[in-house]
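Q: Here's my sequence, what's the structure:
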Amino acid sequence: MKKNLIAFLLVMFCTTPFVFGSVKKVLSSRQTTNIAPILAATGNQVYCPGTSMKIVTDMTITDPDDIGIDAIYIQISSGYEFGEDALLLTGSHPNINPIWNAITGTLTLQGITAQPTYVELVAAIKDIEFSSSAATPSGTRNFSITVGQANYLPSNGHYYLYIPNVGITWSAAKDAAQASTYYGLQGYLATITSAEEAQIAGEQTTGAGWIGGSDQETEGIWKWMTGPENGTIFWNGNFTGFTNNYAFWNTGEPNNAGDEDYAHVTAVGVGIQGSWNDLSNTGAAGGDYQPKGYIVEYGGMPGDPILQISSSTTITIAAITSFTTAVRCGTGTVSLQAVSNTGNVNWYDVPTGGVPIASGNNFTTPSITSTTIYYAAANSVSCPDTSRVPVTASVTPKPILTYNSPYYMCDQEYTIIEVATSSGIMFWYESLTSTNPIFLGTNFVVPNINQNTTFYAEANFSNCLSDRVPIQVNVFTGPVLSDETIELCESDVITLSAENPGMNYLWSTGETTQTITTTGLSNYTVTVTTQAPESCTKTKTFTLNYNPEPVISSIDTADLQVTINTTQNGDFEYSLDGINYQSSNVFMVNEGGMYIAYVRERNQCGFDRKPFVVLSIPDFFTPNGDTINDTWSIKGATFYANAEVRIFDRFGKLISVLNNTNWAWDGTYNGYLLPSTDYWFVAKIDEDLPEIKGHFSMLR
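A: The predicted structure is shown next:
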């Protein structure tokens with residue numbers, strides 16, 4: 001950038017007197033009767049990289065009142081590449097002095113000792129050649145040929161002139177631009193609406209200066225305030241803002257540092273060449289952010305005359321402008337496409353040399369087995385073989401599957417199918433055409449199936465599919481078995497059978513026969529296997545529930561409650577009459593006496609019974625001759641041969657003794673009636689039973 005700045009200063013130093021003279025002549029042109037010349041150039045051509053070529057095929061200048069002019073300016077007005085592109089005057093032109101400005105891309109033709117004639121200038125223009133030092137130049141170059149020093153942009157017909165004026169304010173620059181004319185065209189501070197304009201008005205003016213943008217009205221709303229675009233919004237916000245049109249702010253701009261409301265093309269060497277920053281109306285007092293001038297744009301204003309003081313030509317650098325690669329799966333042909341700016345494309349199989357193997361925008365390769373690079377070149381009469389562009393025909397290797405078929409499995413079991421692929425991911429399908437996979441992976445766990453079934457495997461590598469292959473799974477019928485629970489009495493012996501005759505058997509006891517006899521275990525298993533080669537195996541479990549025989553161990557009585565106890569627990573039922581059974585072993589009886597306890601196993605595994613006596617002691621008796629409770633006795637005691645009950649009055653006097661010869665007391669003593677009151681007793685029913693004591697009442 002430092003190098004460019006030095007070049008800029010040298011050019012400005014060398015050309016400044018001439019620049020101001022030309023500007024003065026142009027600005028005063030409205031006040032004379034001089035008729036502007038008419039320039040007409042032809043020669044839109046195709047340029048071959050590595051060569052030089054004339055920028056026009058023909059050139060005319062028509063001027064009814066002049067035979068010459070001070071200078072002609074030829075500029076690479078768009079597409080210019082600094083340091084690579086150049087214009088050179090060739091041939092013999094003794095009265096013409098060519099001056100090449102590499103910064104602006106402008107070649108000036110002026111007289112050596114006097115004003116050159118139009119004839120001399122036309123001859124010189126026809127001998128100007130363009131060349132590029134780039135190894136692979138691209139794009140197009142527009143050449144503007146004009147009689148004024150202002151840069152001419154053929155795409156919109158406008159002119160751009162940089163006016164040096166150190167320290168000028170934006171407001172003063174706006175007024176000065178509006179007060180200037182160029183061959184009758186009204187001037188205004190430049191409004192830059194495209195990249196082409198930004199290059200010719202910003203980069204190629206070689207100066208830092210004001211342009212017509214401002215957000216003075218509303219902060220952050222940048223508008224063009226001059227020219228035909230006056231009032232058009234071209235930016236919203238600060239450096240993070242946006243535009244729906246065109247803007248070319250430098251990095252980090254606009255930043256409104258110090259109330260900066262006016263757009264300015266940055267100084268050479270500050271950020272992006274030709275980009276913009278925001279400044280205050282006065283800018284800085286010195287340095288890079290001090291205004292150095294302003295850029296005037298001419299053209300597009302109402303009332304502007306139609307001028308032909310400029311003409312242009314274009315060269316197109318022969319090149320492939322676009323191409324399309326393609327990918328195929330496995331061996332075969334590939335269709336490639338390419339487009340050139342010459343309209344013709346040649347195809348090669350080598351990067352240099354060789355001969356075309358095809359021509360045209362569409363090229364179908366021969367059958368290829370791997371990725372291959374072909375080369376497309378723009379072809380024209382002047383450029384038979386330009387730089388070649390590689391276009392890739394990609395071949396994705398088709399996955400190769402390694403597998404066995406058929407597989408075998410037993411019904412109600414599973415098996416694993418293993419298919420190897422050379423690449424990609426394995427998918428499994430139910431049919432040859434189904435699209436929804438049922439499994440993903442190289443090892444497919446076959447679900448529980450009971451008939452012969454075909455599954456289909458396919459590998460996918462980068463959307464390149466292998467052939468979908470069938471994998472047959474044949475199903476063998478295995479033994480028919482189901483687990484069984486058997487209820488047994490504890491002394492029973494039964495025969496267990498594996499059924500399924502003609503097969504191989506292995507019992508949990510180690511026996512290998514079809515049937516075995518129980519040996520007292522609670523659980524048995526048998527594994528049944530079909531004959532080879534199927535060898536399908538299933539296992540059955542026999543669960544033997546042994547039910548114990550009931551044995552009455554004791555019978556507990558408490559008052560009138562009876563509890564029947566057994567020697568072991570089981571699925572027992574209980575009864576006191578041998579007819580009506582219940583699951584509870586507890587009963588309530590109405591009175592003392594002899595009873596029989598019954599117990600049976602629900603599954604008919606045994607029976608037991610045992611007699612027992614229930615003793616009941618009345619709380620009172622009523623010896624009044626009505627035959628109801630006329631006597632007092634302990635009910636059930638009569639079933640004990642040695643039972644004895646002694647009765648006492650309240651003073652402890654023995655009144656009566658009850659035994660197996662006299663089991664009831666009638667309320668008398670020696671033939672006399674005793675009074676109604678409480679009496680006491682002591683009962684010894686049996687030697688194995690404890691003595692019972694208590695009292696009762698006599699009521700007359």
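Q: Distance of the residue most central in space within the chain relative to V395?
A: Against the mean C-alpha coordinate of the chain, by CA atoms, centre = their mean, the closest residue is S462 at 17.6 Å. Here the distance between S462 and V395 works out to 11 Å (CB to CB, to the nearest Å). Bear in mind the C-beta positions are built from the backbone N, C-alpha and C, glycine included.
Q: got it, and S575?
A: S575 sits 93 Å away from V395, taking CB to CB as the criterion.
Q: Of these two, which one has the most company?
A: Counted by other CB atoms under 10 Å, S575 and V395 do not tie: V395 has more neighbours, with 21 against 17.
Q: The more buried one touches V334, doesn't it?
A: Yes - here V395 lies in contact with V334, judged by CB atoms under 8 Å, at a distance of 7.4 Å.
Q: Quick check: S171 is in a helix.
A: Yes - under DSSP: H, G, I helix; E, B strand; the rest coil, S171 sits within a helix.
Q: State the pLDDT value of it.
A: Model confidence at S171, expressed as pLDDT, equals 97.
Q: count of neighbours near it?
A: Using other CB under 10 Å as the criterion, S171 is surrounded by 14 other residues.
Q: Repeat that for T62.
A: T62: 11 surrounding residues under other CB under 10 Å.
Q: beta partners of it?
A: On the basis of DSSP bridges, T62 takes part in beta bridges with I38.
Q: now do S144
A: Here S144 sits in beta bridges with Q75, S312, as judged by DSSP bridges.
Q: How many neighbouring residues does it have?
A: Applying other CB under 10 Å, we find 24 residues neighbouring S144.
Q: so what's it up against?
A: Contacts for S144 (CB atoms under 8 Å, 6 or more residues apart in numbering) come out as 73-75, 77, 151-154, 310-312.
Q: ditto for N346
A: Per CB under 8 Å, 6+ apart, neighbours of N346: 356, 358-359, 376-377, 379, 385.
Q: That one looks like it's in a strand, true?
A: Yes - when three-state DSSP is applied, N346 is found to be in a strand.
Q: quick revisit: okay, and the common contacts of V395 and V334?
A: Shared contacts of V395 and V334, defined by CB under 8 Å, 6+ apart, are found at 327-328, 368.
Q: Redo these as CSV? Include distance to D559 and neighbour count.
A: Shown next, in CSV, are the shared contacts of V395 and V334 (distance: CB to CB, whole Å; neighbours: other CB atoms under 10 Å):
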residue, distance to D559, neighbour count
V327, 101, 14
R328, 103, 18
I368, 109, 16
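Q: Just the ones in strands from those, please.
A: Taking DSSP state E, the ones among the shared contacts of V395 and V334 that sit in strands are 327-328.
Q: surely T537 meets D411?
A: No - distance between T537 and D411: 11.7 Å, which falls outside the contact criterion (CB under 8 Å).
Q: Show me whatever sits in contact with both of the two.
A: What both T537 and D411 touch, as defined by CB under 8 Å, 6+ apart, is the set G478.
Q: give me the low-pLDDT residue ranges for this protein?
A: Low-confidence segments of the chain, defined by pLDDT under 70, are located at 1-33, 204-207, 381-382, 384-386.
Q: hmm, 50 instead?
A: Screening the chain residue by residue with the criterion pLDDT under 50, one finds the ranges 1-32.
Q: Show me what the strand ranked longest in the chain pairs with in its sheet, parallel or antiparallel.
A: When the chain is scanned for its longest strand (criterion: DSSP E), the result is strand 537-547. Sheet pairing for strand 537-547, assigned by DSSP bridges, gives strand 484-489 (parallel), strand 523-529 (antiparallel).
Q: Mean neighbour count and distance to Y289 added to the ones you listed, as a markdown table?
A: What follows is the strands paired with strand 537-547, written out as a markdown table (neighbours: other CB atoms under 10 Å; distance: least, CB to CB, whole Å):
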| stretch | mean neighbour count | distance to Y289 |
| --- | --- | --- |
| strand 484-489 | 14 | 100 |
| strand 523-529 | 18 | 97 |
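Q: out of the ones you listed, nearest to D619?
A: Each of the strands paired with strand 537-547 was scored for nearness to D619 using CB to CB, and the closest is strand 484-489 (47.5 Å).
Q: List the contacts of the closest one.
A: Contacts made with strand 484-489 from outside it, assessed by CB under 8 Å, 6+ apart, are listed as 494, 518, 540-547, 549, 601, 603-606.
Q: Run the chain-centre distance for it.
A: Averaging C-alpha positions (CA atoms, centre = their mean, to the nearest Å) puts strand 484-489 60 Å from its chain's average.
Q: do stretch 356-366 as well
A: Using CA atoms, centre = their mean, the offset of stretch 356-366 from its chain centre is 39 Å.
Q: Stretch 152-172 now?
A: Averaged C-alpha coordinates place stretch 152-172 at 52 Å from its chain's average position (CA atoms, centre = their mean).
Q: start to end distance for that stretch?
A: Separation of the first and last residues of stretch 152-172 by CA to CA, to the nearest Å is 25 Å.
Q: Same question for stretch 383-392.
A: 24 Å.
Q: about what we covered before: show me the contacts of N346 that map onto helices.
A: Here DSSP state H is the test, and the contacts of N346 give no hits in helices at all.
Q: out of these, what pair is the most spread apart?
A: When the contacts of N346 are compared pair by pair using CB to CB, the farthest-apart members prove to be A358 and D385, with a separation of 14.2 Å.
Q: Run through the strands of the stretch 251-400 of the chain in chain order.
A: With DSSP state E, counting those that start in this stretch applied, the stretch 251-400 of the chain shows strands at 262-265, 276-279, 293-298, 310-317, 320-324, 326-329, 335-340, 345-348, 358-359, 362-364, 372-378, 389-396, listed in chain order.
Q: Counting by contacts, list what the fourth one packs against.
A: Translated: strand 310-317. Under the contact criterion of 3 or more CB pairs under 8 Å, 6 or more residues apart in numbering; DSSP states H and E, the helices and strands touching strand 310-317 comprise strand 38-42, strand 45-47, strand 140-146.
Q: which residues sit against that strand?
A: With CB under 8 Å, 6+ apart as the test, strand 310-317 has contacts from 39-47, 49, 53, 55-56, 59, 77, 130, 132, 137-148, 152, 154, 157, 159, 341-342.
Q: Also compute the angle for that strand relative to strand 38-42, please.
A: Our comparison of strand 310-317 with strand 38-42, counting by axes from the mean of the first three to the mean of the last three CA atoms, to 10 degrees, yields an angle of 10 degrees.
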